[in-house]
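Asks: Sequence plus predicted model, see below.
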Amino acid sequence: MITDLMENERLDDLQRNGLKIIQKTDGFCFGMDAVLLSGFASVKPGERALDLGTGTGIIPLLLSAKTKGDHFTGLEIQTEIMKMAQRSVALNGLEKKIDIIQGDIKEASRIFGAASFDVVTSNPPYMNDAHGLKNPGDVKAISRHEVLCTLEDVVREGTKALKPGGRFYMVHRPHRLAEIITVMRQYKLEPKRMKFVHPFADKDANMVLIEAVRGGGAWLKLEPPVIVYKEPGVYTDEIYEIYGY
């Protein structure tokens, strides 16, 4: 396996089904938000899922282990990161289960065709203050700021790629929740489940997990929150379960 690694790369154990992932030693790596999204999303037997802005391919890899979905596709615009994700898929022998495709989120419905997936997931850039970035072409900047796509791009193309009644799962920041719901409803994507994530029980939420349904009725369930730490440096039992430790 080590022969598959290039300069400034490392191999990380995902603690699920023996899966491993290639990541940059000095670049943007997947975070807890991606892991939490993979635990929140549901892909049922026979269903096909698309991950928009897949990065290292972490969400398709984890969903292939955690769910009984039939097939998973990751869409990534950055060539180097896309190729790294492809190598992680091959490293795990999952070429028949997972496809990593290079392409622009803004063109997703054209690339794959309308109503092609049962499930769409996305861990999009959270920050919409991309102006003034020193290097907007940097991998970390593209992953964190709306440089190459906006929230509306993700929701619009995700909705178009979904079959009627299909499910859209996203992790984002609570301070943009009103905007998220407004944009979703603009594209006939109805929020159905929501879960806030708090670093500690007495701290404000810093993430929100949302499930929405294409063409769904107006009914939203607010689920119990996720608490990440029970004390500094010690995860709660729920986090250990989600990670698979």
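Replies: It's in.

Asks: What segments of this protein are strands?
Replies: 9-13, 20-24, 48-52, 71-76, 98-102, 117-122, 162-172, 189-198, 207-214, 221-222, 226-227, 229-231, 234-235 (DSSP state E).

Asks: Out of those, which gets nearest to Leu61?
Replies: strand 20-24 (6.2 Å; Cβ to Cβ). All C-beta atoms are positioned from the backbone trio N, CA, C, and that covers glycine.

Asks: Show me what that closest one is packed against.
Replies: Here strand 20-24 touches strand 9-13, helix 79-91, going by 3 or more Cβ pairs under 8 Å, 6 or more residues apart in numbering; DSSP states H and E.

Asks: ranking those by mean pLDDT, which is last?
Replies: Among those, strand 9-13 carries the lowest mean pLDDT, a mean of 91.

Asks: between that one and helix 79-91, how many degrees?
Replies: 40 degrees (axes from the mean of the first three to the mean of the last three Cα atoms, to 10 degrees).

Asks: who does strand 9-13 pair up with?
Replies: Using DSSP bridges, the strands paired with strand 9-13 in its sheet are strand 20-24 (antiparallel).

Asks: could you dump the strand it pairs with to PDB, C-alpha only?
Replies: This file holds the C-alpha atoms of strand 20-24, laid out as PDB (Å, rounded to 0.1, in the frame of the first residue of the first chain):
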ATOM      1  CA  LYS A  20      -8.100   3.400   4.300                       C
ATOM      2  CA  ILE A  21      -7.900   6.900   2.700                       C
ATOM      3  CA  ILE A  22      -5.000   8.800   1.100                       C
ATOM      4  CA  GLN A  23      -4.700  12.400   2.300                       C
ATOM      5  CA  LYS A  24      -2.200  15.200   2.000                       C
END
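
Asks: Same list (the helices and strands packed on strand 20-24) but as a markdown table, adding distance to Val183 and mean neighbour count.
Replies: Output for those, formatted as a markdown table (distance: least, Cβ to Cβ, whole Å; neighbours: other Cβ atoms under 10 Å):
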| stretch | distance to Val183 | mean neighbour count |
| --- | --- | --- |
| strand 9-13 | 33 | 13 |
| helix 79-91 | 26 | 19 |
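
Asks: Mind putting these into TSV with distance to Glu241?
Replies: Below are those laid out as TSV (distance: least, Cβ to Cβ, whole Å):
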stretch	distance to Glu241
strand 9-13	17
helix 79-91	24
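
Asks: Compare these and give me the one nearest Glu107.
Replies: When the helices and strands packed on strand 20-24 are ranked by proximity to Glu107, the top entry is helix 79-91, at 14.4 Å, counting by Cβ to Cβ.

Asks: How far does that closest one sit from its chain's centre?
Replies: 16 Å (Cα atoms, centre = their mean, to the nearest Å).

Asks: ditto for stretch 222-238
Replies: How far stretch 222-238 lies from its chain's middle: 20 Å, per Cα atoms, centre = their mean.

Asks: sorry, back to before: how about the helices and strands packed on strand 20-24, which one is nearest Asn123?
Replies: Closest among the helices and strands packed on strand 20-24, using Cβ to Cβ: helix 79-91, at 13.4 Å.

Asks: And that closest one, what does it pack against?
Replies: Packing partners of helix 79-91 (3+ Cβ pairs under 8 Å, 6+ apart): strand 20-24, helix 58-66, strand 71-76, strand 98-102.

Asks: do you know which of the ones you listed lies nearest Ala34?
Replies: Between the helices and strands packed on helix 79-91, helix 58-66 lies closest to Ala34; by Cβ to Cβ that is 4.8 Å.
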